[in-house]
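Q: no sequence for this one, just the structure:
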């Protein structure tokens, strides 16, 4: 998905080590989402939990948009024309609806609930995303992963995976990246990652073994969910720093609760992120924007898309500066 804000925030950020609470127990930081319109007056709105001032990365996860459920007759659904990406991978995961994806690799694929599409835009790729006529309610998440320096100019790539659900203590788990609760995804990534949908039965409790070298984020889609000792409401993301070797998740609701669990080791590199580009310097962003506006071969062409490309917004009238990370605690 494109970040189609007309004045996208500029970010230069890096991971930091969070030492947890003084008593040694894992601490959960609650991150609230901000509402972002994607486009014009009938634009679909999304809830963005990453990046924000209090946290810019969870592992290499650097962007999280959570949207829906949207009645497409009211919202207009998703209609995002060809747009570029550099230095990242996009992860598309739906709860309901259907999205048609086209890219400059020649990929023409459908995104459906329970099926993950991962696209690599290292040196440059372009794609489009349009909800199909089969969609009445659109609901899901769009996630980005920052590529490490040695791979940030990687070739274009597209992978599709349908994880088998596993049931553990009243929870249904679909692992789309990494491994959890015996589920292992074969999808290739450039840093260790965890990505999984967890759906909990009413009042269910599940304790999951996790890698203590990972930091984790639990995004709540529906229900009130307790992560360790902290209750998270819908659209909130609970962050747990490195060190936890298990996570206990409790559905405090009388209806099923749905969440998305993200994780990875702290991403040690600084990045600059603006619009749909990730680089290391302001000059990287300027060059990517120039190449897109010039219709450079860097991004390629989607030959069979019926509409026009998205133009890049104007750059800010200043060099893109770092945005501060939370202090070490």
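A: Received it, and whenever you're ready, just let me know what you need. Since the structure is predicted, the reported quantities are computational estimates derived from the model, not experimental observations. Residues are numbered from 1 along each chain as shown.
Q: residue ranges with poor pLDDT in this protein?
A: 1-25, 39-43, 321-329 (pLDDT under 70).
Q: For the residue nearest the centre of the chain, give the beta-bridge partners.
A: Nearest to the mean C-alpha position of the chain, counting by CA atoms, centre = their mean, stands residue 143 at 1.4 Å. Listed by DSSP bridges, the beta-bridge partners for residue 143 are residue 64, residue 91.
Q: so it makes contact with residue 60?
A: No: using CB atoms under 8 Å, residue 143 makes no contact with residue 60, being 10.4 Å away. C-betas here are computed from N, CA, C, even on glycine.
Q: Might you report the residue contacts of the residue nearest to the centre of the chain?
A: Going by CB atoms under 8 Å, 6 or more residues apart in numbering, residue 143 touches 61, 63, 64, 65, 90, 91, 92, 93, 195, 262.
Q: Neighbours of the nearest residue to the fifth one once chain neighbours are set aside, how many?
A: The spatial neighbour of residue 90 that comes closest, neighbours along the chain excluded (CB to CB, 6 or more residues apart in numbering), is residue 119 at 4.8 Å. Other residues near residue 119 number 22, with proximity taken as other CB atoms under 10 Å.
Q: what does residue 205 give?
A: Neighbours of residue 205 (other CB under 10 Å): 15.
Q: And the contacts of residue 143, which is closest to residue 226?
A: residue 262 (18.0 Å; CB to CB).
Q: SS state for that closest one?
A: Three-state call for residue 262 (DSSP: H, G, I helix; E, B strand; the rest coil): strand.
Q: Relative to residue 66, how far out is it?
A: According to CB to CB, to the nearest Å, residue 262 stands 12 Å off from residue 66.
Q: All the helices of the stretch 201-329 of the chain, residue numbers only.
A: Along the stretch 201-329 of the chain, counting by DSSP state H, counting those that start in this stretch, helices occupy 282-293.
Q: quick one, strands of it?
A: 205-209, 215-222, 225-227, 230-232, 237-240, 246-251, 257-264, 271-274, 277-279 (DSSP state E, counting those that start in this stretch).
Q: For the second one, name the packing helices and strands.
A: Meaning strand 215-222. strand 44-50, strand 61-71, strand 237-240, strand 246-251, strand 257-264 (3 or more CB pairs under 8 Å, 6 or more residues apart in numbering; DSSP states H and E).
Q: Mean neighbour count and distance to residue 182 added to these, as TSV?
A: Rendered in TSV, the data for those read as follows (neighbours: other CB atoms under 10 Å; distance: least, CB to CB, whole Å):
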stretch	mean neighbour count	distance to residue 182
strand 44-50	22	28
strand 61-71	22	22
strand 237-240	24	21
strand 246-251	19	15
strand 257-264	25	15
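Q: want to try JSON lines for the ones you listed, with distance to residue 105 as columns?
A: Below are the helices and strands packed on strand 215-222 laid out as JSON lines (distance: least, CB to CB, whole Å):
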{"stretch": "strand 44-50", "distance to residue 105": "25"}
{"stretch": "strand 61-71", "distance to residue 105": "21"}
{"stretch": "strand 237-240", "distance to residue 105": "31"}
{"stretch": "strand 246-251", "distance to residue 105": "36"}
{"stretch": "strand 257-264", "distance to residue 105": "25"}
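Q: Between those, which one is closest to residue 178.
A: Here strand 257-264 is closest among the helices and strands packed on strand 215-222 (CB to CB), at 7.2 Å.
Q: what distance separates the closest one from the middle of the whole chain?
A: Relative to the centre of its chain, strand 257-264 is centred 11 Å away, using CA atoms, centre = their mean, to the nearest Å.
Q: What strands line up against that strand, and which way round?
A: Applying DSSP bridges, strand 257-264 is found paired with strand 194-200 (antiparallel), strand 215-222 (antiparallel).
Q: can you list those strands in JSON lines and add distance to residue 163 and mean neighbour count?
A: Formatted as JSON lines, the strands paired with strand 257-264 follow (distance: least, CB to CB, whole Å; neighbours: other CB atoms under 10 Å):
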{"stretch": "strand 194-200", "distance to residue 163": "8", "mean neighbour count": "24"}
{"stretch": "strand 215-222", "distance to residue 163": "17", "mean neighbour count": "24"}
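Q: what's the closest of those to residue 305?
A: strand 194-200 (27.9 Å).
Q: what angle sits between the closest one and strand 61-71?
A: 40 degrees (axes from the mean of the first three to the mean of the last three CA atoms, to 10 degrees).
Q: can you list the residues that contact strand 194-200?
A: 59, 91, 93, 114, 116, 143, 170-180, 183, 185, 206, 210-211, 214, 216, 218, 223, 225, 249-251, 256-264.
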